[in-house]
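[1] predicted model and sequence below, questions to follow.
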Amino acid sequence: MNKFKLNEVFGNNGDNLVTYIKRESVDEEFLDALDSYKQIMIYGASKQGKTTLLKQYIDYDGESDYNHVVYSINNKTDLSDIYRKVLQSAGLAIDTIYSSGEGIGDSNTIAIRAKIIRSRAVNFNNEEFNITEPQNIADYLERLGQKDKIVILENFHYLTLENQRKFAFDLRTFQDLRIKFIILGVWRDKNKLALYNGDLLDRVYEIPVEPWDKTDFDRVIMMGEEKLNIKLHEDIKAKIINMSFSSIGVLQDLLHLYCSKSKIRRTQKHTILIDNTDRLEHVFKTKANTYSTRHKNAFKAIAENTTTLNLPYYIIQKILHTSVNKLEVGLSFQSIAKSIKEKHSNENIKDHYIKDALEKLSIIQSDKQISPPILMFDNNAGLLHVTDSTLYFWMRNANIQEFSKDLKLMYA
């Protein structure tokens, strides 16, 4: 029997776990996408397995069958930053950034001194080019023998809306030039970039990592039991699955902590039955406290973002007074607007003020460094989605009424 450490079986440590399960609707779709000329978008709430899926087939750090570069986007990233990283990864040293006839400070035009960090050096003679043009990026990759490079963009949701719109058109051009991108982001609905550029329809493989169902979770648990040579009582398994709220990340967290508290840290010599329900309740309380700090601080940060009408505060209160089951399918704009109009002191609030506040939630979270974001408004569908699956667990286990009253004292 092979022996495994607990961290190799259960948890969220960023590495591939031996309890990774293949789902035909996800894994096969991704492999088909890799073999195609189409661009790829992997999306879903945080802790739902986007990066895990990718790392299962493309080794970030070691040997890989795919020539790739990974760029992790933040709220200050510009498209030129991404394209510069792509060229640098191909072995092109970019020395100077300056404007083209407009003075220093314009990063659209750059001069490059030919320092090719590979044996197959090419002399570029300090050529100047516009780094924001996809055609230029593709041309240099081809001249460097790197046309097959796959560009992986993590945390795409942090890119500003304006840059997302621009990139939607760049991506269409890269598609024609056979430069493949894999984009990972926290959102819940299809056609994210096609909304900005309809030409992307049928040119992008969109792969949602959700939903996870009970059968998937049963397979994960069964595989973990086999690797650790343990047996979880059926009631224990049922409670853990129920409290995971369809989140593979939460499931893995709970399984790891429960095994750890049960002193299961590696594969057992003899099969052990684990059935302590009191210990499981302690695990639930521990995880609720762990998640509590993040979600309370995030909600406070959003609510304190005072505007003329203080609408972010009322949006948070609507979330706090909504059941987890309803939050899982998304809050409609109509229900949010109705709640705000009923409770706000200003009886004449216009819908467009409320919609504007919802659309700015992403900006507020970025400015407040709430990472990953917990809320995202889909303007096209008119739905407010929870994008951090740990929020459901916290809401089910926390004293929400007390927290709601605290917010009211601070910001109402």
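    The structure has been received and is ready for your questions. Keep in mind it's a predicted model, so treat the numbers as computed, not measured.
[2] all strands for the stretch 201-350 of the chain, in order.
    204-208, 230-232, 272-274, 331-332 (DSSP state E, counting those that start in this stretch).
[3] may I see those strands organised as a markdown table, with mean pLDDT and distance to Asp189 added?
    C-beta: built from backbone N, CA, C; applies to glycine. Formatted as a markdown table, the strands of the stretch 201-350 of the chain follow (pLDDT from 0 to 100; distance: least, CB to CB, whole Å):
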| stretch | mean pLDDT | distance to Asp189 |
| --- | --- | --- |
| strand 204-208 | 95 | 9 |
| strand 230-232 | 97 | 35 |
| strand 272-274 | 96 | 39 |
| strand 331-332 | 96 | 13 |
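[4] can you list the ones you listed in a markdown table and add mean neighbour count and distance to Lys300?
    Shown next, in a markdown table, are those (neighbours: other CB atoms under 10 Å; distance: least, CB to CB, whole Å):
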| stretch | mean neighbour count | distance to Lys300 |
| --- | --- | --- |
| strand 204-208 | 20 | 31 |
| strand 230-232 | 19 | 37 |
| strand 272-274 | 15 | 38 |
| strand 331-332 | 18 | 20 |
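[5] can you lay out these as a markdown table showing distance to His282?
    Converted to a markdown table, the strands of the stretch 201-350 of the chain look like this (distance: least, CB to CB, whole Å):
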| stretch | distance to His282 |
| --- | --- |
| strand 204-208 | 34 |
| strand 230-232 | 16 |
| strand 272-274 | 14 |
| strand 331-332 | 32 |
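[6] which stretches of the stretch 301-412 of the chain have low pLDDT?
    Scanning the stretch 301-412 of the chain with the threshold set as pLDDT under 70 gives 306, 308, 412.
[7] tell me the contacts of the residue lying closest to Leu331 once chain neighbours are set aside?
    In this structure, Leu331 finds its nearest non-sequential neighbour in Leu384, 4.3 Å apart by CB to CB, 6 or more residues apart in numbering. The contact partners of Leu384, by CB atoms under 8 Å, 6 or more residues apart in numbering, come to 315, 319, 330-333, 336, 358, 361, 375-378.
[8] list phi and psi for Leu384.
    The phi/psi pair for Leu384 (degrees, to the nearest 10) reads phi -100, psi 120.
[9] that one pairs with what?
    Leu331, Phe377 (DSSP bridges).
[10] the residue lying closest to Leu361 once chain neighbours are set aside and Ile82: what is the separation?
    Once flanking residues are discounted, Leu361 sits nearest to Leu375: 5.2 Å by CB to CB, 6+ apart. Leu375 is 26 Å from Ile82, where distance means CB to CB, to the nearest Å.
[11] same check on His295?
    Per CB to CB, His295 is found 31 Å from Ile82.
[12] same question for Gln268.
    For Gln268, the distance to Ile82 equals 47 Å [CB to CB].
[13] name the residue in the two with the higher neighbour count.
    Ranked by neighbour count (other CB atoms under 10 Å), Gln268 and Ile82 place Ile82 first, with 21 against 13.
[14] the more buried one against Ser72, yeah?
    No. Using CB atoms under 8 Å, Ile82 is not in contact with Ser72, being 10.3 Å away.
[15] domains of the protein?
    Following automatic domain parsing, one gets these domains for the chain: 21-94+132-208, 213-275, 294-411.
[16] show me what whichever strand or helix holds Ser404 is packed up against.
    Under the criterion of DSSP states H and E, Ser404 resides in helix 400-411. Applying 3 or more CB pairs under 8 Å, 6 or more residues apart in numbering; DSSP states H and E, one finds that helix 400-411 contacts helix 277-303, helix 311-320.
[17] distance from it to the middle of the chain?
    Distance, stretch centre to chain centre, for helix 400-411: 29 Å (CA atoms, centre = their mean, to the nearest Å).
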